[in-house]
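Visitor: Using only what follows, build the 3D model:
(chains A and B)
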Amino acid sequence: MPSHRVLLFATLRDLAGQESVNVHLPAEATVGQLRRALAEQYPALTPYLDTAIIAVNHAFTTDDTPIHPEDEIAAFPPVSGG
Amino acid sequence: MPEITVTLFGGLRDIVAAPQLTLDVPEGTTVGQLKAMLLERYPALAPAFHNVVTSIGNETADDDTVIPPGAHVALFHPIAGGSEAPPTITLLTEETLDLNDLIAQITRPTTGAVVFFSGVVRGITQGKTTAYLEYEAYREMAEAKLRQVADEIRQRWPKVEGIVVVQRIGKLEPGTPTVLVACAAPHRDDGAFEAARYGIDRLKEIVPVWKKEVGPQGQTWVHGHYHPTSKDETPSR
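Guide: Predicted structure coming up:
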């Protein structure tokens, strides 16, 4: 299965103990599948994955959004800037 | 020698450290000669001067135009004035926010009102002490989303001219400005209040920046409440 790098920020990065993780996903996967794969492959992230925002190429997504091999993927908690 | 008034806008104003100068110039002085005089007095103007726009009264003037006695001459840095697209400043920075400078940069000759919101690190929240906040960003996306906030303001409030949407990141202590949203318009009723309010609310929804609160009790990440989806990618929600 292809491996995708997922950038992590804030709480998710602290929980994983690293700035990014590699996730194995079937070809033509969606953001919803990525969310489940992250939970399975990195159980430490599980408590925050339901509410995590997943961005693909700097754009917000829905669980139906497709993921392509060269996409830049990031997972992070709801933002708290300002 | 006849006296003339020279008004400077935007970045030029900061370089000269005055919005207006009163000068005595020989009769027959041209705009080009005036610019040379100013450059001699304020050499730091040079980089901003090569494409500066000059007007006398309400008329645009070129370098050969002779300045009549008592004239009001205005100099615009093209980014901050003139008739081109209104200035939009979006920035993610670790540097101190210079609120006056940012506002000066969006002030055009037609601006009569600037509404700005600045968020500041709160030292005490319901009795609880904050030593400092540590701001982190997903830099490239945050820069794109700051631009989106400005674009959405522009689309919704067509009378708003200059727009600033700036977020500071890094370790910030109580009392420090962390964010600036400013909207300039000809008049205060042109939507500037609503636009600035929208800007800060929207920034807190879609710009990927997080703050960690550090105090005597330890440190905690602050989480927002909004869950943006693909719909938030289209500027008109």
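Visitor: how many neighbours does A:Pro69 have?
Guide: By the criterion of other C-beta atoms under 10 Å in any protein chain shown, A:Pro69 has 9 neighbours. For every residue, glycine as well, the C-beta is placed using N, CA and C.
Visitor: Give me the below-cutoff pLDDT ranges for chain B.
Guide: B:77-84, B:234-237 (pLDDT under 70).
Visitor: So which residues of it form helices?
Guide: Using DSSP state H, the helices of chain B run over residues B:11-16, B:31-41, B:46-49, B:99-106, B:139-156, B:192-206.
Visitor: Just the buried positions in the last one, please.
Guide: Right, the one you point to is helix B:192-206. Within helix B:192-206, the residues that count as buried by 16 or more other C-beta atoms under 10 Å in any protein chain shown are B:192-193, B:195-196, B:198-200, B:202-206.
Visitor: what's the closest of those residues to B:Tyr226?
Guide: Nearest to B:Tyr226 among those, counting by C-beta to C-beta, is B:Glu205 at 4.2 Å.
Visitor: could you dump the helices of chain B to a markdown table with distance to A:Ala55?
Guide: What follows is the helices of chain B, written out as a markdown table (distance: least, C-beta to C-beta, whole Å):
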| stretch | distance to A:Ala55 |
| --- | --- |
| helix B:11-16 | 34 |
| helix B:31-41 | 48 |
| helix B:46-49 | 37 |
| helix B:99-106 | 28 |
| helix B:139-156 | 6 |
| helix B:192-206 | 10 |
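Visitor: which secondary structure elements does the longest helix along chain A contact?
Guide: When chain A is parsed with DSSP H, its longest helix is helix A:31-41. The helices and strands touching helix A:31-41, judged by 3 or more C-beta pairs under 8 Å, 6 or more residues apart in numbering or on different chains; DSSP states H and E, are strand A:3-8, strand A:20-24, helix A:46-49, strand A:53-56.
Visitor: show me the contacts for the closest residue to chain A within chain B.
Guide: Nearest to chain A, among the residues of chain B, is B:Val209, at 3.0 Å (C-beta to the nearest C-beta). Taking C-beta atoms under 8 Å, 6 or more residues apart in numbering or on different chains, we find B:Val209 in contact with A:79-82, B:92, B:135-138, B:142, B:167, B:169.
Visitor: Same question for B:Glu59.
Guide: So B:Glu59 contacts nothing (C-beta under 8 Å, 6+ apart).
Visitor: Tell me the spacing between it and B:Ala71.
Guide: Going from B:Glu59 to B:Ala71 by C-beta to C-beta, to the nearest Å gives 10 Å.
Visitor: Also B:Arg197?
Guide: 41 Å.
Visitor: Next: B:Asp64.
Guide: Separation of B:Asp64 from B:Ala71 (C-beta to C-beta) stands at 15 Å.
Visitor: okay, those two: which has more neighbours?
Guide: A side-by-side neighbour count of B:Asp64 and B:Ala71, using other C-beta under 10 Å, places B:Ala71 first with 20 against 9.
Visitor: Can you give me the neighbour number for residue 42?
Guide: All of this is about chain A. The burial count for A:Tyr42: 21, using other C-beta under 10 Å.
Visitor: meant chain B actually
Guide: Residues near B:Tyr42, counting by other C-beta under 10 Å: 17.
Visitor: Name the nearest residue to the most centrally placed residue in chain B, ignoring sequence neighbours.
Guide: Closest residue to the average C-alpha location of chain B: B:Leu102 at 3.3 Å, with C-alpha atoms, centre = their mean. With sequence-adjacent residues excluded and distances taken as C-beta to C-beta, 6 or more residues apart in numbering or on different chains, B:Leu102 is closest to B:Val164, at 4.9 Å.
Visitor: do the same with A:Val56
Guide: The shortest distance from A:Val56 to any non-neighbouring residue, by C-beta to C-beta, 6+ apart, is to A:Asp71 (5.1 Å).
Visitor: Mind telling me what element that neighbour is part of?
Guide: Secondary structure assignment for A:Asp71, by DSSP states H and E: no helix or strand.
Visitor: quick one, what contacts it?
Guide: Residues counted as contacts of A:Asp71 (C-beta under 8 Å, 6+ apart) are A:4, A:56-57.
Visitor: make it 10 Å
Guide: By C-beta atoms under 10 Å, 6 or more residues apart in numbering or on different chains, A:Asp71 lies in contact with A:4-5, A:55-57, A:59, A:65.
Visitor: What about those, which one has the most neighbours?
Guide: Going by other C-beta under 10 Å, A:Ala55 tops those with 23 neighbours.
Visitor: Might one say that A:Ile53 is in contact with B:Ser230?
Guide: No: taking contacts as C-beta atoms under 10 Å, A:Ile53 lies outside contact range of B:Ser230: 11.6 Å.
Visitor: what is in contact with those two at once?
Guide: Both A:Ile53 and B:Ser230 are in contact with A:60-61, where contact means C-beta under 10 Å, 6+ apart.
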